[in-house]
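Peer 1: my questions concern the predicted model and sequence given below.
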Amino acid sequence: MNDTEGIAPAVRSILEHTDERGGGEGRIEVEARSLPAALERAAGEGRVPVMAEIKPTSPTTDGEHGGDPVELAEAMVAGGAAALSVLTEPEQFGGSPEDLRRVREAVDVPVLRKDFLLSESQFDTVAADILLLIARFVEDLPELVGAARDRGFQVLVEVHSREELTRALDAGADIVGVNNRDLSQLIVDLDTFESVAPAVPADVTLLAESGIGTPADARRMRQAGADGLLVGSAILNGEATVEERTRRLTAATGPTETNSPSTEGGT
């Protein structure tokens, strides 16, 4: 499909350069740590199941997120994160496969490779527990889902609409993420998750992605059916430490707030 019609320039630039980044020297096979089990365990222990994201920079936020990726990862896990997401896209996010390799060796929670993956060869760059496939951009989704699973990866299929959700489910997705960010204008609206979530089968692990900045946002997404929350900028940015900001969201305490569509929030 690889639908780039109306896509934001930053995202289009990523897609144009993705094919230039090949895979590794050989086939990678992994023994993945279970993301659904990690999310369920966090919920059972009374924590909000958060997948905290490590990204040096982002086209939707100002400046850079400093700090060693391993130190950030350890602080996030200490703050209660059930899983981690590591950006490996270099152009717009400043990520690298080496960051992911180091983080996965340092922690015992599941780690997602966050990137714009379009071909099977790109799976063989670095080991991870979960790979991200964005339904809008993947031409043969069933083929890539199968190729990832053959290597032992779990697959998080990202969607933004019910139409994309249908493609994901038809491809056999059992972990789905609903991105609240519209990749056309990079605008965030938490209503997106609430409109898609009711169509997700009960046996599919469901994540809410982007725009979750406060404990109230976390509660709202959980109440709408999210099994887990992918959170980036809200944990990386702020006056408190990364561990404290992570704990604030995994505890999900605080006054109820309302959200309006914005361009803020983690990718």
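Peer 2: Yep, it's here.
Peer 1: so where do the helices sit in the stretch 101-250 of the chain?
Peer 2: In the stretch 101-250 of the chain, the segments counted as helices under DSSP state H, counting those that start in this stretch are 141-150, 162-170, 191-196, 215-223, 233-236, 242-251.
Peer 1: deepest of the ones you listed, which one?
Peer 2: helix 233-236 (a mean of 25; mean count of other Cβ atoms under 10 Å). Where C-beta positions appear, they are placed from N, C-alpha and C, glycine not excepted.
Peer 1: now do the buried residues in stretch 47-62.
Peer 2: For stretch 47-62, the neighbour count (16 or more other Cβ atoms under 10 Å) marks 47-58, 60-61 as buried.
Peer 1: can you list these in JSON lines and add secondary structure and distance to Thr166?
Peer 2: Below are the buried residues of stretch 47-62 laid out as JSON lines (DSSP: H, G, I helix; E, B strand; the rest coil; distance: Cβ to Cβ, whole Å):
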{"residue": "Arg47", "secondary structure": "coil", "distance to Thr166": "32"}
{"residue": "Val48", "secondary structure": "coil", "distance to Thr166": "28"}
{"residue": "Pro49", "secondary structure": "coil", "distance to Thr166": "25"}
{"residue": "Val50", "secondary structure": "strand", "distance to Thr166": "28"}
{"residue": "Met51", "secondary structure": "strand", "distance to Thr166": "24"}
{"residue": "Ala52", "secondary structure": "strand", "distance to Thr166": "30"}
{"residue": "Glu53", "secondary structure": "strand", "distance to Thr166": "27"}
{"residue": "Ile54", "secondary structure": "strand", "distance to Thr166": "31"}
{"residue": "Lys55", "secondary structure": "coil", "distance to Thr166": "29"}
{"residue": "Pro56", "secondary structure": "coil", "distance to Thr166": "35"}
{"residue": "Thr57", "secondary structure": "strand", "distance to Thr166": "34"}
{"residue": "Ser58", "secondary structure": "coil", "distance to Thr166": "29"}
{"residue": "Thr60", "secondary structure": "coil", "distance to Thr166": "27"}
{"residue": "Thr61", "secondary structure": "coil", "distance to Thr166": "31"}
